[in-house]
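In: Quick one, what's the 3D model for this:
(one chain, ligands or ions: 2)
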Amino acid sequence: MILPSHLSVRNGRLRIGEHDTVDLADRFGTPLYVTDEERIQDNFRRLSGALTARYPKVRVLYAAKANGNLAVFRTLASMGAGADVFSAGEVALALAAGMPPASLLFNGSSKTPADLALAVEKGIRVSVDSPDELRQLDAAAGEAGKTVDIAFRVNPAIDVPTHPKIATGLATSKFGIPAGQILHAYREALSLEHTNPIGIHCHIGSQILAVEPFAHEVRVLIDVARDLIDIGVEPSFIDIGGGLGIPYRRETERAPTPEDYAEAVVPVFLRGIRELGIEPELWVEPGRWLVADSTVLLTRVNSVKTAHKTFANVDAGFNLLVRPTMYDAYHEVVAANKADAPAAREYSVTGPICETGDILAKDRLLPELAAGDIIAVLDAGAYGFAMSSQYNSRPRCAEVLLAGKKAALMRRAETIDDLTAPMVRPSWQA
Ligand SMILES: Cc1ncc(COP(=O)(O)O)c(C=O)c1O
Ligand SMILES: N[C@@H](CCCC[NH3+])C(=O)O
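Out: Numbers count the residues shown, from 1 in each chain. Ligands and ions are numbered 1, 2, ... in the order given. Sure, this is the predicted structure:
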């Protein structure tokens, strides 16, 4: 098994950073998300370093949706990250973590009047997704007596090799303004008093394991920049979004490194801006690449059953990690307390949810398993806890953060009381 450098096996047990995962499961209980803070820091340094080595005017906006724990925001804020935020909640987390409003970009294709007012009030730049939204934002800014700096989100009509549910730059996607309409939108923004078009935004999709689509995207955005200059707008930033994938199947999958990514994107960007005689900041919005591999989900085997195949029934299901169910996503699983035992048979690792699709890992060769064993689901730090639910009325589990020898809760487990607390008894019910 190929493990990333912060995971290792000692005395037959899986370790993350300086910690034994089985001890963590015993100490904090399962299911349990465990995140290695240093891995996030290393990831940030590597991705941001690969880009800034080629062009110093780079800004990294962490895609807040990938992992919404405030401790993770703090880690990234202290590294100098801003954030791509999609909701009032993400704005609140980013600000609470100390990210300055000017380091945020408020994205989204369906913002409420309250979202727009919040961006105006806090002085957060907005990626505007339609002319309708532009007019609403301008009115909101006018009412507050302010001006808002904006970008438009461009729909570049680029097909990307990823799961169709997470390709966002297709011509048919709900996001962004088609290239053919974009100039019109900028012209309208110029004609309005309270919106100041200063940037260009785009995001082509997620878990992309090729670099060419990103280079293609940059070429499209340079073309947009050229048209903008013609109408008197000199973009001060070009935001190419996130999307760089990770090798969930380490044995077989080849994934571009941050250096491959930077090498594909930055020279195209530089050629374009030099030709146009401008020097905008290059913004990127990575989510998955910064946090996915920092985290394992530890889950305990409740029972083993052999029917038409063998099931290891564990205490985490798609309530806590929906990616396998939602996107047929692959996550490596390791028998954490038998990490160097020989593979014995194929297991499907299935959760406790009352749905046939509640399968975390299908047909995996694992050592002989028994009730009480701990399974570690790898690469669970992006869109893991963040997409969890209380389905089947299951309280969500705890999250632990590790730093060197330290381990501490960064989110306590929910209780049954947390499930019922927001529920209100309708007056006619005795
Ligand atoms: C606008 C925007 N930026 C950035 C991201 C982050 O993507 P990823 O986690 O694939 O880097 C997303 C999610 O796909 C997004 O919608
Ligand atoms: N939630 C997706 C990524 C989509 C990101 C949001 N645009 C995943 O788990 O892979």
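
In: what's the burial count for A96?
Out: A96 has 12 neighbouring residues, counting by other Cβ atoms under 10 Å. C-beta coordinates here come from the backbone N, C-alpha and C atoms, glycine included.

In: and the gap between the nearest residue to it once chain neighbours are set aside and V60?
Out: Once flanking residues are discounted, A96 sits nearest to L70: 6.0 Å by Cβ to Cβ, 6 or more residues apart in numbering. Distance, L70 to V60, by Cβ to Cβ, to the nearest Å: 19 Å.

In: what's the answer for V334, then?
Out: Distance of V334 to V60, computed by Cβ to Cβ: 30 Å.

In: same question, R54
Out: Noted for R54: a distance of 14 Å to V60, by Cβ to Cβ.

In: list the contacts for D149?
Out: 125-126, 196, 198-199 (Cβ atoms under 8 Å, 6 or more residues apart in numbering).

In: Okay, and the beta partners of the residue of the stretch 1-150 of the chain at minimum distance from ligand 1?
Out: Closest approach between the stretch 1-150 of the chain and ligand 1, counting by Cβ to the nearest ligand atom: A63, at 3.3 Å. A63 has these beta-bridge partners by DSSP bridges: D84.

In: count of neighbours near it?
Out: A63 has 27 nearby residues by other Cβ under 10 Å.

In: re earlier: in terms of neighbours, single out the busier of R54 and V60.
Out: More crowded of R54 and V60, by other Cβ under 10 Å: V60, with 24 against 17.

In: Pretty sure that one sits in a strand.
Out: Yes - assessed with DSSP: H, G, I helix; E, B strand; the rest coil, V60 lies in a strand.

In: Do I have it right that T21 meets A336?
Out: Yes - counting by Cβ atoms under 8 Å, T21 does reach A336; the two are 4.5 Å apart.

In: shared neighbours of these two, anything?
Out: 13-14, 298, 374, 376.

In: and the residue of this protein nearest ligand 2?
Out: Counting by Cβ to the nearest ligand atom, the chain gets nearest to ligand 2 through Y383 (3.0 Å).

In: quick one: that residue from L297, how far?
Out: 12 Å.

In: now swap in L209 and tell me
Out: Taking Cβ to Cβ, one finds L209 at 22 Å from L297.

In: Those two: which is more packed in?
Out: Taking other Cβ under 10 Å, L209 and L297 do not tie; L297 has more neighbours (28 against 18).

In: Could you name the helices and strands sitting against the one helix or strand the more buried one maps to?
Out: Per DSSP states H and E, L297 falls inside strand 295-306. Applying 3 or more Cβ pairs under 8 Å, 6 or more residues apart in numbering; DSSP states H and E, one finds that strand 295-306 contacts helix 21-28, strand 32-36, strand 310-314, strand 374-377.

In: now these in CSV, with mean neighbour count?
Out: Below are those laid out as CSV (neighbours: other Cβ atoms under 10 Å):
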stretch, mean neighbour count
helix 21-28, 18
strand 32-36, 26
strand 310-314, 21
strand 374-377, 28
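
In: Now the phi/psi pair for the residue nearest to the spatial centre of the chain, please.
Out: Central residue of the chain (Cα atoms, centre = their mean): A66, 2.5 Å from the mean position. Main-chain dihedrals, A66, degrees, to the nearest 10: phi -70, psi -40.

In: same check, this time on the one 3 residues further on
Out: Note on N69: its backbone torsions stand at phi -80, psi 130 [degrees, to the nearest 10].

In: That one against S388, yeah?
Out: No - the pair N69 / S388 is not scored as a contact, 11.5 Å apart, by Cβ under 8 Å.

In: Near ligand 1, which residues of the stretch 301-430 of the chain? Just list them.
Out: Proximity of the stretch 301-430 of the chain to ligand 1, by Cβ under 6 Å from any ligand atom, involves residues A382.

In: dump the residue contacts of the residue of the stretch 301-430 of the chain found nearest ligand 1.
Out: Minimum separation of the stretch 301-430 of the chain from ligand 1 (Cβ to the nearest ligand atom) falls at A382, amounting to 5.8 Å. Applying Cβ under 8 Å, 6+ apart to A382 gives the contacts 66-67, 287-288, 290-292, 295.
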